[in-house]
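In: show me how the following folds:
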Amino acid sequence: MFTIMLKAKLHMARVTHAVLNYEGSCAIDGDLLDMSGIRENEQIQIYNVENGQRFTTYAIRAEEGSKVISVNGAAAHLAAVGDRVIICSYAHYNEAELDTHQPALVYLQEGNAVSHTSHAIPVQLA
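Out: Model (predicted):
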């Protein structure tokens, strides 16, 4: 049996481009892809903090160091330049992998600069 778990997250990225007439996908700064472990062409979920939209697409590599987060194609209707988004990827893990699995979490600040990284989501307090 496999369990689907969070593999990687780019938390609070800012959309820098929304390009309707593009083949599709989401272009992400190559450095952020590498840091998070999200692979080019990997399925990703995007959660728009500003408007609540949630959608599925795939990652493509933008120029390293560019800080680009470009929501392209039909998804450009769901995110505007300046919107804060959370970008997640998930993977299937077998029972033996679950005990040691830790997601790669990359937290971003203004300008899509990395604030910090982690492997554990903080406990939510009541």
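In: can you pull the pLDDT of the closest residue to Ala113 other than its chain neighbours?
Out: Nearest non-adjacent residue to Ala113, counting by C-beta to C-beta, 6 or more residues apart in numbering: Lys67, 7.2 Å away. No exception for glycine: its C-beta is placed from N, CA and C like everyone else's. Note on Lys67: pLDDT of 98.
In: residue contacts, Lys67?
Out: Applying C-beta atoms under 8 Å, 6 or more residues apart in numbering to Lys67 gives the contacts 16, 29, 111-113.
In: and what of Gln109?
Out: Residues in contact with Gln109 (C-beta under 8 Å, 6+ apart) are 12, 115.
In: so what does the lengthiest strand in the chain touch, helix or strand wise?
Out: Taking DSSP state E as the criterion, the chain has its longest strand at strand 2-14. Helices and strands touching strand 2-14, by 3 or more C-beta pairs under 8 Å, 6 or more residues apart in numbering; DSSP states H and E, are helix 30-36, strand 69-72, strand 84-94, helix 95-98, strand 104-109.
In: so which of these is the most surrounded?
Out: Greatest average neighbour count among these goes to strand 69-72 (a mean of 25), per mean count of other C-beta atoms under 10 Å.
In: got the contact list for that strand?
Out: By C-beta under 8 Å, 6+ apart, strand 69-72 touches 10, 13-20, 22-29, 46, 57, 62, 78-79, 85, 87, 112.
In: are any of these buried, and which?
Out: For the contacts of strand 69-72, a burial check counting by 16 or more other C-beta atoms under 10 Å picks out 10, 13-18, 22, 25-29, 46, 57, 62, 78-79, 85, 87, 112.
In: check what pLDDT the residue sitting nearest the centre point of the chain gets.
Out: Centroid check for the chain by C-alpha atoms, centre = their mean gives Ile87 as the closest residue, at 2.2 Å. In this model, Ile87 is scored at 99, pLDDT.
In: what's the separation between it and Ala79?
Out: Using C-beta to C-beta, to the nearest Å, we find Ile87 at a distance of 11 Å from Ala79.
In: repeat that for Lys67.
Out: Plainly put, Lys67 is 16 Å away from Ala79 if you go by C-beta to C-beta.
In: swap in Met1?
Out: From Met1 to Ala79 the distance is 35 Å (C-beta to C-beta).
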